[in-house]
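In: structure, please.
(chains A and B)
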Amino acid sequence: MLHLALFSLFGAICVAGAVNLLVQRHPINSALSLVVVMGSLAGEYLLLGAEFVAAIQVIVYAGAIMVLFIFVIMLLNAGVEEHTQGSRVALLIGVPGMVIGTVLVAWVLVAHSGTQEVALGALPGPPKTIGWLLFHDYLLPFEVTSVLVLIAIMGAVVLAAPARSVQQTKREG
Amino acid sequence: MIPLSYYLVLSGILFACGVTGFLIKRNIISIFMSIELMLNGVNLSFVAFAAEWKALSGQIFVFFVMVVAAAEAAVGLAIIISVFRTRETLNVDQVNLLKL
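Out: Numbering: from 1, shown residues only, chains lettered A, B, ... in the order given. As a prediction, the model looks like this:
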């Protein structure tokens, strides 16, 4: 009963944050509601017994990635978004379509899933076990990921460099 | 005890909110945040299935999704800065030419 109450609480905060992200017109408000969504998702992960994932959800997602977003919003001085004809059409078609789709998927999942129930802490996932899996069974994907991050760093540096300095580099090189 | 389907429904709602935001938002940063919301919805279903089948691989995949999301955020925000520098706008309706 307590699990269900906690699940409902975090789920309600999560959905409220997601809907607020859609409703808000200013990007900084959307970013802060996304932080709320990520924080409550960390609570859901704790309910599922995934402490490690909950920790990196807060540290990496709500911490690092969202700081990056808010930093860029403030750097570019992003204002309230203005709507055009195309966005009104998207609003009229998109929102009812997605509501209908979600209700259909939810109905199928709830009525026809026939799955077992998940107990609180049913999955012992201590960081030790996860570290063993990550650095033993999934060592190659882990190393490939490091190459991906390296490429992403180089790409970000090249893309975000001022155009003037790129031309200078071309002239000098 | 919470049925797995509840978690999947919550994950589906988050994903649908992400898709809706992707469709209706006109600010390029908000569109990017909607993509992050979709990734979060998928992560929740990964962890729920990991708990359902007592397989920790699901949590490992969440780790990889987060790494890819971080790389994507770094590159995507760099592209947004680059677009803003050349076009002076963040509205995707005004970014309609490949060439400057």
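In: just checking, what packs against the helix or strand hosting B:Ile29?
Out: Applying DSSP states H and E as the criterion places B:Ile29 in helix B:28-52. For helix B:28-52, the elements it packs on are helix A:2-23, helix A:27-47, helix A:66-76, strand A:117-118, helix B:4-24, helix B:57-87, judged by 3 or more Cβ pairs under 8 Å, 6 or more residues apart in numbering or on different chains; DSSP states H and E. C-beta: built from backbone N, CA, C; applies to glycine.
In: ok, which of those comes nearest A:Leu92?
Out: Proximity to A:Leu92 (Cβ to Cβ) singles out helix B:4-24 among the helices and strands packed on helix B:28-52, at 9.5 Å.
In: next, the buried residues of the closest one.
Out: By 16 or more other Cβ atoms under 10 Å in any protein chain shown, the buried positions in helix B:4-24 come out as B:4-24.
In: go on, stretch B:75-87?
Out: Under the neighbour-count rule (16+ other Cβ under 10 Å), stretch B:75-87 has B:75-84 buried.
In: again with stretch A:55-69
Out: Applying 16+ other Cβ under 10 Å to stretch A:55-69 flags A:56-58, A:60-62, A:65-66, A:68-69 as buried.
In: give me the contact list for that stretch.
Out: The contact list for stretch A:55-69, computed with Cβ atoms under 8 Å, 6 or more residues apart in numbering or on different chains, reads A:31, A:34-35, A:38-39, A:41-42, A:45, B:29, B:32-33, B:36, B:40, B:43, B:63, B:66, B:69-70, B:73-74, B:77.
In: just the terminal-to-terminal distance for that stretch.
Out: 20 Å (Cα to Cα, to the nearest Å).
In: quick one: mean pLDDT over it.
Out: For stretch A:55-69, mean pLDDT is 90.
In: turn the buried residues of stretch A:55-69 into TSV, including distance to A:Pro96.
Out: As requested, those are exported to TSV (distance: Cβ to Cβ, whole Å):
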residue	distance to A:Pro96
A:Ile56	36
A:Gln57	31
A:Val58	35
A:Val60	35
A:Tyr61	30
A:Ala62	31
A:Ile65	31
A:Met66	30
A:Leu68	33
A:Phe69	29
